[in-house]
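S.K.: next one to model:
(one chain, ligands or ions: 1)
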Amino acid sequence: MSSNLEQDILSRRTFAIISHPDAGKTTITEKLLYFGGAIRDAGTVKAKKTGKFATSDWMEIEKQRGISVTSSVMQFDYDGRRVNILDTPGHSDFSEDTYRTLMAVDSAVMVVDAAKGIEAQTLKLFKVCRMRGIPIFTFINKLDRQGKEPLELMEELEEVLGIESYAMNWPIGMGKEFLGIYDRYNKRIEQFRTEEDERFLPIDEDGELAVEHEMKKTSYYTQAMEDIMLLNEAGNDFSAERVTRGELTPVFFGSALTNFGVQTFLETYLNFAPTPQPRLTEDEQIIDPLDKDFSGFVFKIQANMNPAHRDRIAFVRIVSGEFERGMNMTLSRTNKSFKVTQSTQFLADDRETVDKAVAGDIIGLYDTGNYQIGDTVVGGKKTFQFERLPQFTPELFMKVTAKNVMKSKHFHKGILQLVQEGAIQYYKTLHTEEVILGAVGQLQFEVFEHRMKAEYNVDVRMEPMGSKIARWIQNEADVKESMTGPRSMLVHDRYENLVFLFENEFAMRWFQDKNENIDLYSLL
Ligand code: GDP
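M.R.: Numbers count the residues shown, from 1 in each chain. Alright, predicted model coming up:
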């Protein structure tokens with residue numbers, strides 16, 4: 001491998017920002033892009049995120065949701081690194097794709113609202129990152145507003161998430177009295193709302209502010225110093241190695257809206273963020289990013305991104321080597337080779353053609369129905385399959401039928417393909433074999449309904465079953481059909497495994513009390 005290519009690969013930093021809606025993910029992304037020079041005006045991204053969506057027309061969803069749907073990957077250069085930020089849609093955009101995106105990154109940034117602490121969606125996404133053991137960096141946002149006490153937030157991280165934390169900086173005051181942050185890592189104080197040239201104040205060997213300053217006389221400063229002393233004595237030690245293993249999360253405080261603490265965060269983060277990581281194949285070979293042959297896997301398929309073409313795009317995370325337009329690739333599942341002439345990369349919502357990309361980058365391949373989620377593509381002679389992407393426990397269910405019984409064949413074909421592609425999960429009732437679809441987010445149903453009409457010309461009838469708790473069974477042989485009931489429905493998944501769909505937590509506990517011998521488990 002040429003040393004240029006090697007350098008290119010090692011310059012990549014690929015991550016996702018995870019958060020609960022409204023914590024400030026869009027705002028922080030915008031600031032990062034702004035620092036990276038990818039957008040001229042730090043209001044651009046925001047402006048595209050408009051209104052509520054009211055129609056289930058996919059093109060309309062695209063138009064209205066703007067950046068959260070279309071610009072799935074944003075790229076910029078900073079300080080000799082090429083940064084790839086992958087979007088993880090939330091709210092009603094939340095879907096299995098959101099989880100799968102986390103399979104394609106090397107680290108994650110978790111944005112937490114200081115007033116709200118750890119919220120539901122953050123917790124879900126965090127668990128997926130934790131399962132992969134990827135490094136997680138925490139940005140506690142909105143310090144310009146009154147929020148929870150910083151020590152309380154640190155405790156919450158450790159208790160709710162079960163991860164150890166290390167405060168890289170510490171707020172001095174908060175809300176109206178927010179004075180700045182004590183930067184433990186860079187050993188300086190960064191002042192809030194000051195002129196650029198006065199922003200940083202030095203600290204001395206004892207860790208105290210080294211210059212005469214108003215701030216020193218405030219109770220906020222005294223409080224911050226007390227907290228820091230406590231952290232120094234009783235808190236965790238910083239260990240870059242443990243950060244890399246995902247065991248310790250470095251915590252930063254700031255205010256994205258006022259652009260405070262974001263640049264310091266970015267610079268510190270880039271010092272620790274991992275370069276592209278190796279991946280395992282199904283037969284446990286390690287594929288190193290610096291392997292000379294191109295390889296990658298499909299982690300997301302997006303339909304109809306371009307309304308004029310009704311095309312689909314398969315998002316590929318490059319694991320090793322280099323991609324060049326016009327190159328030959330083999331799809332491992334089918335062993336078919338093809339020449340890639342059409343490929344795109346994504347920045348804001350302008351898609352542009354990519355001619356070259358390397359390990360760590362994401363490319364989009366035009367797809368006419370050839371790819372499935374988890375597919376491996378390779379450039380060399382040797383084919384292999386990357387480890388299967390995990391299946392996620394769905395939470396929402398729908399019964400679905402074709403409105404016109406004459407269309408039954410198309411109906412089943414459409415479902416089969418969309419399920420294989422990874423758009424939605426398939427279940428069926430035991431004897432009657434009624435089709436039940438499972439999803440982690442409502443959007444998946446809307447996309448399903450739309451695509452059944454647009455691509456298979458089938459109108460479907462969807463009957464919501466609401467949310468359920470799905471549990472698989474270790475000892476299927478011990479399950480009796482008498483155990484099934486309206487609150488604990490027994491179904492088959494697409495692999496013919498038995499699955500209980502419980503009405504709620506209570507129904508599940510009640511079931512477990514009555515049937516202690518049944519060993520239930522959930523997927524991720
Ligand atoms: P997302 O849903 O996580 O992408 O959150 P947004 O970036 O859209 O932010 C949600 C709301 O919080 C918006 O009204 C932002 O202006 C506001 N916001 C974001 N960051 C901050 C901050 O640092 N301070 C304050 N006061 N508001 C913020």
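S.K.: so Leu123, which state does it fall into?
M.R.: Three-state call for Leu123 (DSSP: H, G, I helix; E, B strand; the rest coil): helix.
S.K.: contact residues of the stretch 101-250 of the chain facing the ligand?
M.R.: Contact residues (CB under 6 Å from any ligand atom) of the stretch 101-250 of the chain with the ligand: 141-142, 144-145. Bear in mind the C-beta positions are built from the backbone N, C-alpha and C, glycine included.
S.K.: for those, which one is nearest Arg242?
M.R.: Nearest to Arg242 among these: Asn141, at 23.9 Å, using CB to CB.
S.K.: ok, how many other residues are close to Asn515?
M.R.: By other CB atoms under 10 Å, 16 other residues sit near Asn515.
S.K.: quick check: phi and psi on it?
M.R.: When quoted as degrees, to the nearest 10, the phi and psi of Asn515 stand at phi -130, psi 70.
S.K.: how about it: what's its closest non-neighbour residue?
M.R.: Among residues not flanking Asn515 along the chain, Met483 sits closest, at 6.1 Å (CB to CB, 6 or more residues apart in numbering).
S.K.: test my guess that the one you found contacts Met489.
M.R.: No. In this structure Met483 lies outside contact range of Met489 using CB atoms under 8 Å: 10.4 Å.
S.K.: look at Thr353 and report its pLDDT.
M.R.: pLDDT for Thr353: 70.
S.K.: can you pull the contacts of it?
M.R.: Contacts for Thr353 (CB atoms under 8 Å, 6 or more residues apart in numbering) come out as 325, 342-345.
S.K.: same check, this time on Asn186
M.R.: Listed by CB under 8 Å, 6+ apart, the contact partners of Asn186 are 264, 268.
S.K.: and the gap between it and Phe265?
M.R.: From Asn186 across to Phe265, the span is 11 Å (CB to CB, to the nearest Å).
S.K.: nearest to the ligand: which residue in the stretch 101-250 of the chain?
M.R.: The nearest approach of the stretch 101-250 of the chain to the ligand comes at Lys142, 3.8 Å away (CB to the nearest ligand atom).
S.K.: grab the nearest non-local neighbour of the residue in the stretch 351-500 of the chain that the ligand sits nearest to.
M.R.: Closest approach of the stretch 351-500 of the chain to the ligand (CB to the nearest ligand atom) occurs at Gly441, with a separation of 14.9 Å. In this structure, Gly441 finds its nearest non-sequential neighbour in Phe94, 3.6 Å apart by CB to CB, 6+ apart.
S.K.: give me the residue ranges of this structure where confidence is low.
M.R.: The chain contains residues with pLDDT under 70 at 38-71, 92, 304-311, 345-352.
S.K.: so what are the domain limits for it?
M.R.: Per the TED database, the structural domains of the chain span 15-274, 280-378, 396-521.
S.K.: which stretches of the stretch 1-150 of the chain form strands?
M.R.: Along the stretch 1-150 of the chain, the segments classed as strands by DSSP state E, counting those that start in this stretch run 12-19, 73-78, 81-86, 107-113, 136-141.
S.K.: out of those strands, deepest packed?
M.R.: Among those, ranked by average contacts under mean count of other CB atoms under 10 Å, first place goes to strand 136-141 (a mean of 26).
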